[in-house]
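> coords below, sequence missing:
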């Protein structure tokens, strides 16, 4: 553990966390690599015209992702907001200035009922209204097409949620395009396998949003990519065009710094060139050491039972352990530093990817202390 880092957060009234939960926004998202950190430090040396930087970095990212155009955004939620605004107004300054007043503009965003989720909120912040297709039991192709009407602005598709009973994304793109409706894909975490960074645009999605924290960029960054005209309209809605060109876009509040823009490009290059099997192997060794550190404690069983994996599921028998998985997780969160793991049923799920080397021993010691 780093005593200096512990003191830093203590001085700010916040409890430091050993993150075995995942790359969660609420926990700070990511830990940029030394390469990304060095790029951010280098970018600090000079100021820059942010409008120019966003345009130029977008060209670089588009080349890396084999897509027509791209834009660095302050997170995937901002990418969805700016993308929706772009579909509403295009590059028309008069229409841009109206938002979130959508009178006279197409403002319905179709979403399959079974895919409704809390992040649709950022789409509605533009003034758009969600129109569900199908019902909780599922959506057929005919139901999806019937939901696309004359006021349909776009089809929103969360890429993490493709289940039986829902119209698959590629089919949904075809249905929407036959009706002249653009498709916005929320692909926030779909960065591995790395083809997830390219396939949605290749399938014909008009706009795709990613959370750049998942590729090792800062928590506050994202990428919007896709059709050149819509990405350009999204850029015009942004803070830099508001200040530099006086365009009355809806995204003035969504500011990002030059260091963050540079960090996204550096992280993307590193991610695309990374040996991901080596990354998983390192996390797997931490998982094995965690399992070994918990061996022999009553009421605990493990999956996988042996070997190396980048995650460890610890099932908790409440009778033998003296507490449930939920109770154990809560007690771990109350320590200093706190240990965060997710709970699924009666098991704690430890994601070893974001755990710093050596902290798996701290987690094991904390569990042993809690269980007495």
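Thanks, I have the structure now. Computed from a predicted structure; not experimentally measured.
> mean confidence for stretch 42-56?
Taken as a whole, stretch 42-56 has a mean pLDDT of 98.
> ok now it, how far from the chain's centre?
The chain centroid and the centroid of stretch 42-56 are separated by 24 Å, computed with CA atoms, centre = their mean, to the nearest Å.
> again with stretch 341-350
On CA atoms, centre = their mean, the centre of stretch 341-350 falls 21 Å from that of its chain.
> what comes into contact with it?
Residues outside stretch 341-350 that contact it (CB atoms under 8 Å, 6 or more residues apart in numbering) are 20-22, 287, 290, 303, 311-318, 324-326, 328-329, 332, 351, 363. From N, CA and C alone the C-beta is placed, and that goes for glycine too.
> do stretch 225-237 as well
54-55, 58, 61-62, 65, 67-71, 73, 79, 82-83, 85-87, 89-91, 96, 182, 201, 205-208, 210, 224, 241, 245, 247, 249-251.
> so what's the gap between it and the chain middle?
With CA atoms, centre = their mean, you get 20 Å for stretch 225-237.
> can we start the residue count at 693 from this point?
Renumbered: residue one is now 693, and that last one reads stretch 917-929.
> in it, what counts as buried?
917-919, 922-929 (16 or more other CB atoms under 10 Å).
> check stretch 949-965 too.
Buried residues in stretch 949-965, defined by neighbour count with 16+ other CB under 10 Å: 949-963.
> for the stretch 843-992 of the chain, which segments count as helices?
861-870, 891-894, 920-928, 931-936, 950-965, 968-986 (DSSP state H, counting those that start in this stretch).
> output the lowest mean pLDDT helix or strand found in this protein.
helix 695-703 (a mean of 93; mean pLDDT, DSSP states H and E).
> from the chain's centroid, how far away is that one?
Centroid separation for helix 695-703 versus its chain: 28 Å, with CA atoms, centre = their mean.
> same check, this time on stretch 845-863
17 Å.
> re the thing from before, what's the least confident helix or strand of the chain in contact with?
By CB under 8 Å, 6+ apart, the surrounding residues in contact with helix 695-703 are 707-708, 1028-1029.
> pull out the buried residues from those residues.
Counted by 16+ other CB under 10 Å, these give 708, 1029 as buried.
> among the contacts of helix 695-703, which one lies nearest to residue 817?
Using CB to CB, residue 707 comes nearest to residue 817 of the contacts of helix 695-703, at 30.8 Å.
> between the buried residues of stretch 917-929, which sits nearest residue 970?
So of the buried residues of stretch 917-929, ranked by how close each gets to residue 970 (CB to CB), first place is residue 917, at 27.2 Å.
> residue 701 versus residue 1055, what's the distance?
According to CB to CB, to the nearest Å, residue 1055 and residue 701 sit 18 Å apart.
> so between those two, which is more surrounded?
Using other CB atoms under 10 Å, the more surrounded residue of residue 1055 and residue 701 is residue 1055, with 23 against 14.
> mind giving me the domain ranges of the protein?
Following automatic domain parsing, one finds the domains of the chain at 695-721+967-1063, 726-965.
> comparing these, which comes out most buried?
domain 726-965 (a mean of 20; mean count of other CB atoms under 10 Å).
> so where is this structure shaky, pLDDT-wise?
By pLDDT under 70, the low-scoring segments of the chain are 693.
> name the SS class of residue 1006, please.
Of the three states, residue 1006 takes strand according to DSSP: H, G, I helix; E, B strand; the rest coil.
> that one and residue 738, how far apart?
If you go by CB to CB, the gap between residue 1006 and residue 738 works out to 49 Å.
> ok, the closest residue to residue 893 other than its chain neighbours - contacts?
Nearest non-adjacent residue to residue 893, counting by CB to CB, 6 or more residues apart in numbering: residue 759, 4.1 Å away. Residues counted as contacts of residue 759 (CB under 8 Å, 6+ apart) are 890, 893, 900, 917-918.
> what's the answer for residue 734, then?
residue 954.
> and the next element down the chain from the host helix or strand of it?
Using DSSP states H and E, residue 734 maps to helix 726-735. Per DSSP H and E, the first helix or strand lying C-terminal to helix 726-735 is helix 742-757.
> elements contacting that following helix?
Contacts defined by 3 or more CB pairs under 8 Å, 6 or more residues apart in numbering; DSSP states H and E place helix 742-757 against strand 761-765, strand 914-918, helix 920-928, helix 931-936, helix 950-965.
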